[in-house]
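**Student:** Got a predicted model here, sequence first, then my questions.
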Amino acid sequence: MKTAQTFMMVFRYTPNPEYRPTTEEIAQMKEDWGSFIGTIALKEKLESTHQLGFEGKQIAADLSVSEGFVIADKRMVSGNMIVKANSLDEAVEMAKDSPILKMGGTVEVRSIIPMSR
């Protein structure tokens, strides 16, 4: 039997400040995310998940601090999930059910390298 590894799913999307979802759309998004996360948790594959807020600061190499967060290629990171899987391909298959994809977003799946103390 293959030993499970840990992988991180990084969720990105293109923010649209003019878009205001309806109450029904918000409820559907919450339901979709709950189902996605719950399915992975029921399979005992979920390690953790985090949705990122809209407040942040960036610290540069010269220790200067600026307000905000990085938007690269018009996309911002909206959250992440750590999962257990037997392979990168298995983690990718889990990620294909992510609701962020319905929003036109992307999921990046990366292996995690444990840090030794």
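**Tutor:** Structure's in. What do you need?
**Student:** from here on, contacts and neighbour counts on C-alpha atoms
**Tutor:** Will do.
**Student:** Can you show me the strands along the chain?
**Tutor:** For the chain, strands defined by DSSP state E occupy the ranges 5-13, 46-51, 57-59, 65-67, 76-85, 106-111.
**Student:** Within the sheet, what are the partner strands of the longest one, with directions?
**Tutor:** This points to strand 76-85. The strands that strand 76-85 pairs with in its sheet are strand 5-13 (antiparallel), strand 46-51 (antiparallel) (by DSSP bridges).
**Student:** Taking their axis directions, it and strand 106-111 sit at what angle?
**Tutor:** Inter-element angle recorded for strand 76-85 and strand 106-111: 40 degrees (by axes from the mean of the first three to the mean of the last three Cα atoms, to 10 degrees).
**Student:** Please enumerate residues in contact with strand 76-85?
**Tutor:** 4-15, 45-53, 69-71, 91 (Cα atoms under 8 Å, 6 or more residues apart in numbering).
**Student:** Give me whichever of the strands paired with strand 76-85 is most buried.
**Tutor:** Greatest average neighbour count among the strands paired with strand 76-85 goes to strand 5-13 (a mean of 21), per mean count of other Cα atoms under 10 Å.
**Student:** what residues does that one touch?
**Tutor:** 75-88, 91, 95, 100, 103-112.
**Student:** Same list (the strands paired with strand 76-85) but as JSON lines, adding distance to Arg117 and mean pLDDT.
**Tutor:** JSON lines is the format used below for the strands paired with strand 76-85 (distance: least, Cα to Cα, whole Å; pLDDT from 0 to 100):
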{"stretch": "strand 5-13", "distance to Arg117": "18", "mean pLDDT": "96"}
{"stretch": "strand 46-51", "distance to Arg117": "20", "mean pLDDT": "95"}
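**Student:** would you list those in TSV and tack on distance to Ala61?
**Tutor:** Shown next, in TSV, are the strands paired with strand 76-85 (distance: least, Cα to Cα, whole Å):
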stretch	distance to Ala61
strand 5-13	24
strand 46-51	26
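**Student:** starting at the chain centroid, how far to the longest helix anywhere in the chain?
**Tutor:** Secondary structure assigned by DSSP state H gives helix 23-42 as the longest helix of the chain. Computed by Cα atoms, centre = their mean, to the nearest Å, the chain-centroid distance of helix 23-42 equals 14 Å.
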